[in-house]
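Participant: Whatever this is, show me its structure:
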Amino acid sequence: MAATGSHQSSRFPVEVWDRIFELVTDVPYTLVPEVYEKSDCIGDQHSALEAALATKRNLALVCKQWQHMTMRYLYRTVLIRTGRDLLALFCTLRNYATGNGSCVGTRSPGQWTRRLDVTLDLRNKCEDLERIVKHLTYVIKSLPKLEIVSFAIPESLGSEPGFLIMPLGVLDALRRSANSLRILDWSGNDFFPQPHQLEELLRDLPNLRVLRCHQLVWANGVIPSNILSSLTTLAVSRLVGREGHPGEGGLHDACVSLREFIYYGVGSIPQEFLIHYGKYLTVVKWYDDDGDELDLLLKSCPNLDRLTVSLDSLDPSVDSCLRTLSFPCVSYLGVMLEELTFEELFRFLPHLRNTVPTLRVFQLVDPPIVEQLLMCPLEFSTELIVKNLNENPFRMEDDKGNLLSGWCRISSLTLFAN
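Facilitator: This is a model prediction of the structure:
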């Protein structure tokens, strides 16, 4: 059977098999350049990557020929979840480096890796931290063409975030991919470099476009321009001022490529940051429901085109600021909410039509809210709901970008059928 399978495979051009493997193993929006559209969702893609990894492994087990042909797809995205995963990868890469790889005459599979996600639970006492660091350093050094690196360490090991500092050896290993690295993501609070070490690393990554980290230290609201010369997206939970930080005396407009700012709302509002960089921003995602940010964005971000914000409610009786709320003149507005009914939505839409004439898309970005809205007892007839949604000059979307009115029709038919 193995010989027959190999014979059948050889009857098709390699290009055909490459296309088949590409389609079967592809996970949308997880690699450069597609991932730029989902730069705030990198940490939420692990389940999809894990499912795709299972498919890739099954393909590689069909026969020796398929093992060779699927290698580039199997190792294109690497997900390290446990110490066992790390050890297996370490051994594989070391075997190829010493000429003992399973595919004889083949270069190291690390040449194909474009994305590395590390989700190790370092709280596990069964894991030897020193050995993990050693193996991880070797693995990263063996992946010289990385474009995306994500460290999503689940929880803090100590009483406060940042208890575990990323060792210098790991940071130096990342520099092996300095020219290819486009996205650097620290979704967790731990295994994070010290502030000065992060700054030194960022200066050595000339093509970095997206940076996500728990906190970023600066001076006087100014980030060194040699970092911002390539960075287009910055996602942070907090921005921390530090006394004695050198900062920069002036800001050179030609050096700033920053266009997207994602803020997860820990600590004080980064007012100084917006004063310095607001004029460059066209996209802001503000996941903090204080409600004070809109006035600041209106004043600081004259070129804003896409805005995502968190609000407690769309009901003016619950959130009094909605009566006088002024949104920037954007073409896209996404909202995250704690609760929502059609009555609240219909009371809010006229305010939106009157205050944001440039709006083209209004999206409910939180999946549970969309599900709650569509499954709750209908306060209005389906025809009236669809009419109210479709009479707006802008498109009403659910969390996946589908027309909300279309889902209302489907939901009503489902309830009727049951």
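
Participant: Need phi/psi at residue 116.
Facilitator: Main-chain torsions, residue 116, degrees, to the nearest 10: phi -130, psi 120.

Participant: so what's it bridging to?
Facilitator: residue 78, residue 149 (DSSP bridges).

Participant: start the count at 780, not 1, going forward
Facilitator: Sure thing, new numbering starts at 780, so read that last one as residue 895.

Participant: Neighbours of it, how many?
Facilitator: The number of residues packed near residue 895 is 22, by other C-beta atoms under 10 Å. Any C-beta I mention is one placed from the backbone N, CA and C, and that applies to glycine too.

Participant: Surely it and residue 931 touch.
Facilitator: No. If you go by C-beta atoms under 8 Å, residue 895 and residue 931 don't touch, sitting 11.2 Å apart.

Participant: contacting residues for residue 965?
Facilitator: 929, 930, 971, 991, 992, 993 (C-beta atoms under 8 Å, 6 or more residues apart in numbering).

Participant: which phi and psi does it have?
Facilitator: phi -110, psi 90.

Participant: ok, for it, nearest residue in space, not its chain neighbours?
Facilitator: In space, and not counting its chain neighbours, residue 965 is closest to residue 992: 4.5 Å by C-beta to C-beta, 6 or more residues apart in numbering.

Participant: and the one you found, what is it in contact with?
Facilitator: 963, 964, 965, 971, 977, 1014, 1015, 1016.

Participant: Can you give me the buried ones in stretch 815-825?
Facilitator: The neighbour-count check on stretch 815-825 (16 or more other C-beta atoms under 10 Å) flags 818, 819, 821, 822, 824, 825 as buried.

Participant: picking that back up, of the contacts of residue 965, which is the most crowded?
Facilitator: For the contacts of residue 965, the largest number of neighbours (other C-beta under 10 Å) sits with residue 930, at 23 neighbours.

Participant: my guess is it meets residue 966, correct?
Facilitator: Yes. Assessed by C-beta under 8 Å, residue 930 is found in contact with residue 966 at 7.1 Å.

Participant: can you give me the helices for the stretch 880-1029 of the chain?
Facilitator: 908-920, 947-953, 974-982, 1004-1007 (DSSP state H, counting those that start in this stretch).

Participant: For my notes, please list these in TSV and give mean neighbour count and distance to residue 837 for each entry.
Facilitator: Formatted as TSV, the helices of the stretch 880-1029 of the chain follow (neighbours: other C-beta atoms under 10 Å; distance: least, C-beta to C-beta, whole Å):
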stretch	mean neighbour count	distance to residue 837
helix 908-920	18	23
helix 947-953	17	31
helix 974-982	16	37
helix 1004-1007	18	42
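
Participant: Reformat these as CSV; add distance to residue 1172 and mean pLDDT.
Facilitator: Below are the helices of the stretch 880-1029 of the chain laid out as CSV (distance: least, C-beta to C-beta, whole Å; pLDDT from 0 to 100):
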stretch, distance to residue 1172, mean pLDDT
helix 908-920, 50, 93
helix 947-953, 47, 94
helix 974-982, 43, 86
helix 1004-1007, 36, 72
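
Participant: what sits against residue 929?
Facilitator: 821, 822, 894, 895, 896, 897, 962, 964, 965, 966.

Participant: go again using 10 Å as the cut-off
Facilitator: 821-822, 824-825, 858, 894-898, 962-967, 991 (C-beta atoms under 10 Å, 6 or more residues apart in numbering).

Participant: From residue 911, how far out is it?
Facilitator: Using C-beta to C-beta, to the nearest Å, we find residue 929 at a distance of 17 Å from residue 911.

Participant: Kindly report the same for residue 891.
Facilitator: 24 Å.

Participant: Count the residues that sit near the closest residue to residue 924 other than its chain neighbours.
Facilitator: Spatial nearest neighbour of residue 924, chain neighbours left out: residue 959 (5.0 Å); criterion: C-beta to C-beta, 6+ apart. The number of residues packed near residue 959 is 16, by other C-beta under 10 Å.

Participant: coming back round to it: next step: the buried residues of stretch 815-825 restricted to strands.
Facilitator: Here DSSP state E is the test, and the buried residues of stretch 815-825 give no hits in strands at all.

Participant: okay if I get the residues you listed as a markdown table plus distance to residue 1051 and pLDDT?
Facilitator: A markdown table is the format used below for these (distance: C-beta to C-beta, whole Å; pLDDT from 0 to 100):
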| residue | distance to residue 1051 | pLDDT |
| --- | --- | --- |
| 818 | 23 | 74 |
| 819 | 23 | 75 |
| 821 | 27 | 79 |
| 822 | 27 | 72 |
| 824 | 33 | 80 |
| 825 | 34 | 78 |
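
Participant: Nearest to residue 794 among these?
Facilitator: Using C-beta to C-beta, residue 824 is the member of the buried residues of stretch 815-825 that sits closest to residue 794, with 28.3 Å.

Participant: The residue lying closest to residue 1062 once chain neighbours are set aside: neighbour count?
Facilitator: The shortest distance from residue 1062 to any non-neighbouring residue, by C-beta to C-beta, 6+ apart, is to residue 1039 (4.0 Å). Applying other C-beta under 10 Å, we find 21 residues neighbouring residue 1039.
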